[in-house]
Every structure is written in C-alpha cells, then in structure tokens.
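In: give the three-dimensional model of this entry:
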Amino acid sequence: MGSANSSTVDDLQAVEIHHWYKKFMTECPSGQLTLHEFKQFFGIRGLTQEANDYIEQMFRTFDMNKDGYIDFMEYVAALSLVLRGKMEQKLRWYFKLYDVDGNGCIDRHELLNIIKAIQAINGCDQEASAEEFTNRVFDRIDVNGDGELSLEEFVNGAKKDEEFMSMMMDSLDLAHIVAMIHNRRRSV
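Out: Okay, the predicted model is just below:
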C-alpha cells in the first residue's frame, strides 16, 4: 500500500515538473532566464526603484550559481521551496533575500526598503506605514537590541509575529503563476 501511494506521488510530481518545464521553455526557449525575462515572466512592469531593487535581489537569490541566469533546475528549486518548502526553509530563504548586502544580518534600512518594495508591487503606497511596520518588527524580534536581525532572531521572530510572517508570505505569493500555468495547460 505504501509503495503504491509513493508511486502515485512520484507520478504526480513528474507530471507537474513536465508542465513546469513546458512553461519554462515556452517563456524562455534558450533555457536560461535573464533578469529582463524574469520580470516579464512574473508580469512585473512599471516598478518603483525599491520594488525594482527587490525583484533584482530576488533574481540574484534564485540564481544559485551566480551566473546571471536562472536555469530550469534553479527555477524548479525556487518554485519547490516557495510552493512546498517547510516553514524553516522558507524563512532561511527570506533571510537571504532580505540580507541585501550579504553580511549575515538584516538592518532597518534593508527591511524598510524590502517592505516599501513589497507595498509597491502589491499596489500600496504607504511610506509612513512601511516605517512604522519596520519599527514594530525590530521592536518585537530584535532580541539583543543591536539594530540588526541575525538569522536566529529573524527565524524565531517571524514564527512568533503573525503580521510579519503574513507580509513575507504575501510578498512571494505565486498563486497567480500557478493559475496561469494551469490555464495554459487546459488550453494546450
């Protein structure tokens, strides 16, 4: 019984990966997604500077081998993490995404810019609330009060702060991408 269930899951995953591959190769016939194609792929246009910087940071985070392209394996790894990853894995990935300068800590400026970018992408333009939200996050999860969030503070704090967790999850909601792939699958 267990092996039959396992093969069904494997078959389902194989079918799903095949559809992801078709989508990827349709949108990116070269097999390598550039930053420009990445923005087109996710339907991102007319961004503020903060939002554009955030998207570029997201691209660099997905580009695991740092060659300036996202290949199919990097694409699948990223989507798998976002769609099926365990919470701890997602939080570690978000930390890497938010740690723009790569110094192992997230400072107020980095978080503020990320929050402004997320608001711009989601169509909200509330700079004051972005600053207030950043201050609330630091007040709640910067345990040692040094003005920077370590990986441990970030992960533990996000697990305890529902508002911050919700903002992060909403910032990388790929439901519209999944829906687009399902719609194309039906029309093919």
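
In: show me where the protein has its helices.
Out: 2-27, 35-41, 49-62, 72-84, 87-98, 108-121, 127-141, 151-160, 162-171, 175-187 (DSSP state H).

In: any stretches of this structure with poor pLDDT?
Out: When residues are selected by pLDDT under 70, those of the chain lie in 1-12, 41-46, 122-128, 170-188.

In: ok, back up a step: can you list the helices of the chain in a markdown table and add mean neighbour count?
Out: For the C-beta atoms, the positions are set from N, CA and C on the backbone; glycine is no exception. Formatted as a markdown table, these follow (neighbours: other CB atoms under 10 Å):
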| stretch | mean neighbour count |
| --- | --- |
| helix 2-27 | 12 |
| helix 35-41 | 16 |
| helix 49-62 | 18 |
| helix 72-84 | 16 |
| helix 87-98 | 17 |
| helix 108-121 | 21 |
| helix 127-141 | 15 |
| helix 151-160 | 17 |
| helix 162-171 | 15 |
| helix 175-187 | 12 |
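
In: tell me how far I17 lies from K116.
Out: Computed with CB to CB, to the nearest Å, the distance linking I17 and K116 is 35 Å.

In: equivalent analysis for K66, please.
Out: For K66, the distance to K116 equals 26 Å [CB to CB].

In: can you check Q49 too?
Out: Taking CB to CB, one finds Q49 at 9 Å from K116.

In: repeat that for A130.
Out: Look at A130 and K116: by CB to CB, they are 5 Å apart.

In: likewise for F38?
Out: Distance of F38 to K116, computed by CB to CB: 20 Å.

In: ok, R60 next?
Out: Per CB to CB, R60 is found 19 Å from K116.
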